[in-house]
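Student: sequence and predicted structure below; questions after.
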2 protein chains.
Amino acid sequence: MKLYSYFRSTAAYRVRIALALKGIDVEQIAIHLVKEGGQQLKPPYLVKNPQGLVPALELDDGTVLTQSLAIIDYLEAIAPEPRLVPQDPVRAAQIRAVALTIACDIHPLNNLRVLNYLKGPLGRPQDEVDQWYRHWILKGGLEAVEALIEGGHFCFGDRPSLADICLIPQVFNARRYKIDISHLKKIEAVDRYCKELPAFKAAHPAQQPDAE
Amino acid sequence: MKLYSYFRSTAAYRVRIALALKGIDVEQIAIHLVKEGGQQLKPPYLVKNPQGLVPALELDDGTVLTQSLAIIDYLEAIAPEPRLVPQDPVRAAQIRAVALTIACDIHPLNNLRVLNYLKGPLGRPQDEVDQWYRHWILKGGLEAVEALIEGGHFCFGDRPSLADICLIPQVFNARRYKIDISHLKKIEAVDRYCKELPAFKAAHPAQQPDAE
């Protein structure tokens, strides 16, 4: 399998953690989101993923799967252990809700294409773009996640789940943009613990072949 | 079970379709997103869902589940038939990718809270807000969905799936905002067929107790 990835994409980072936790090796192909006006927006990649976003997972028969959470559910189906979403329906829903809070209600609002739209077509100055970023990462975002998770070493229970897989990359991004999350004590504790685990370390942006 | 809903919320509309397809009755409780400055942003609802968004599903033991796609996966687990996500891993991933394209990359960018932020803190005039809406619903949004689905009566195969459950509410919203989607032939055909099915009709915003 081939993973189309960009080292700094938090959605690709999620898939890399899931692959590492399950011990699945893939060939990584870098799609640079900035160079050449964005390689994701042009053939040959755009033909594989008509959304023009990373990541995408190409199977050995050429089928291309898109959307990080759909890819992770696919990995869960073909390699069920270790489980990333438990079988208990309520616990599974709580874990998925945290993952979706990040994947739907934080990440897309702060994605590169949106920040570019604010700066370009809307002509917003950098301080308003920074304020936009800070607003959505916290409000109804990580502040809600803090309320939704149990906390401890992981968001829920005693092993990494889909919730941690989404949280750690989002915290990485928050720190990159110098957002103060010191009031989010459970999130900080989960981040501190998870980021030292081998699978999370291997998936870190700085460890990728296309890291700059 | 109680569903906290708002008639016009496309995320709540998804859950209503899933409930109707599975024949599950719930008590609907209306949370008005506009009146009183937004009932979703204040107790008692905000205590149930710290994200301050609808929908939420309250189980009989008081547990509250949030995020429409997590709620639908919960319903799938407790009432597996009819299946909304098939068991084949590749087909499941393709269906989930369409659902997530809508739920992550269209809906959150065009949600009421974001449009209010563009008008309020960013002071954008209505025509720029309208252009923003049109841009994200089409670009990397419904235009990508058109490329990802098979088409026919449903997005995939011969029965309604999670993809149709997300698509029909999003098309409803596109029409409400007078977005021209006549170039998206597969989407128009799926919408034409699905919206006449009893479960989709029962879930329509105009049929809800809180419809205005």
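Tutor: Yes, it's here.

Student: list the residues that contact the spatially most distant residue from the centre of chain A.
Tutor: For chain A, the largest distance from the centre (Cα atoms, centre = their mean) belongs to A:Gly123, which lies 27.6 Å off. Going by Cβ atoms under 8 Å, 6 or more residues apart in numbering or on different chains, A:Gly123 touches no other residue. Bear in mind the C-beta positions are built from the backbone N, C-alpha and C, glycine included.

Student: next, it: phi, psi?
Tutor: The phi and psi values for A:Gly123, taken as degrees, to the nearest 10, are phi 60, psi 30.

Student: could you confirm whether the biggest helix by length in chain A reaches chain B?
Tutor: Secondary structure assigned by DSSP state H gives helix A:89-105 as the longest helix of chain A. Yes. Contact of helix A:89-105 with chain B (Cβ under 8 Å from any Cβ of the partner chain) involves A:89-90, A:92-94, A:96-97, A:99-101, A:103-105.

Student: let me have the residues you listed in CSV, extended by pLDDT and neighbour count.
Tutor: CSV is the format used below for these (pLDDT from 0 to 100; neighbours: other Cβ atoms under 10 Å in any protein chain shown):
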residue, pLDDT, neighbour count
A:Pro89, 98, 16
A:Val90, 98, 15
A:Ala92, 98, 21
A:Ala93, 98, 25
A:Gln94, 98, 26
A:Arg96, 98, 27
A:Ala97, 98, 28
A:Ala99, 98, 28
A:Leu100, 98, 25
A:Thr101, 97, 27
A:Ala103, 97, 27
A:Cys104, 96, 24
A:Asp105, 94, 26
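
Student: of the residues you listed, closest to B:Leu138?
Tutor: A:Cys104 (18.8 Å; Cβ to Cβ).

Student: any idea how far the spatially closest residue to that closest one that is not a sequence neighbour is from A:Asn111?
Tutor: Nearest non-adjacent residue to A:Cys104, counting by Cβ to Cβ, 6 or more residues apart in numbering or on different chains: B:Cys104, 4.7 Å away. Going from B:Cys104 to A:Asn111 by Cβ to Cβ, to the nearest Å gives 10 Å.

Student: how far is whichever helix or strand A:Phe172 is part of from where the chain is centred?
Tutor: Using DSSP states H and E, A:Phe172 sits within helix A:162-176. Remark: helix A:162-176 is offset 7 Å from the chain centroid, using Cα atoms, centre = their mean, to the nearest Å.

Student: go on, stretch A:203-212?
Tutor: The answer for stretch A:203-212 is 14 Å, by Cα atoms, centre = their mean.

Student: burial measure for A:Tyr117, as a count.
Tutor: 18 (other Cβ atoms under 10 Å in any protein chain shown).

Student: which strand or helix spans it?
Tutor: Per DSSP H and E, A:Tyr117 falls inside helix A:112-119.

Student: using PDB, list the CA coordinates for that helix.
Tutor: Provided in PDB are the C-alpha atoms of helix A:112-119 (Å, rounded to 0.1, in the frame of the first residue of the first chain):
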ATOM      1  CA  LEU A 112      -4.200  25.600   5.000                       C
ATOM      2  CA  ARG A 113      -6.800  26.100   2.300                       C
ATOM      3  CA  VAL A 114      -9.000  28.000   4.700                       C
ATOM      4  CA  LEU A 115      -6.300  30.200   6.100                       C
ATOM      5  CA  ASN A 116      -5.200  30.900   2.500                       C
ATOM      6  CA  TYR A 117      -8.800  31.900   1.600                       C
ATOM      7  CA  LEU A 118      -9.000  34.300   4.600                       C
ATOM      8  CA  LYS A 119      -5.700  35.900   3.500                       C
END
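
Student: what is the subsequent helix or strand relative to that helix?
Tutor: helix A:126-137.

Student: next, the angle helix A:162-176 makes with that next one.
Tutor: 160 degrees (axes from the mean of the first three to the mean of the last three Cα atoms, to 10 degrees).

Student: dihedrals phi and psi, A:Glu58?
Tutor: phi -100, psi 120.

Student: ok, what's across the strand from it?
Tutor: Note on A:Glu58: beta-bridge partners A:Lys2, A:Val64, judged by DSSP bridges.

Student: I'd say it and A:Ser5 touch.
Tutor: No. Taking contacts as Cβ atoms under 8 Å, A:Glu58 lies outside contact range of A:Ser5: 11.4 Å.

Student: out of the two, which sits in the more crowded spot?
Tutor: Taking other Cβ under 10 Å, A:Glu58 and A:Ser5 do not tie; A:Ser5 has more neighbours (26 against 18).

Student: now the phi/psi pair for that one, please.
Tutor: Per degrees, to the nearest 10, the backbone of A:Ser5 is at phi -140, psi 160.

Student: right, and it touches A:Arg14 too?
Tutor: No. Using Cβ under 8 Å, A:Ser5 is not in contact with A:Arg14, being 10.6 Å away.
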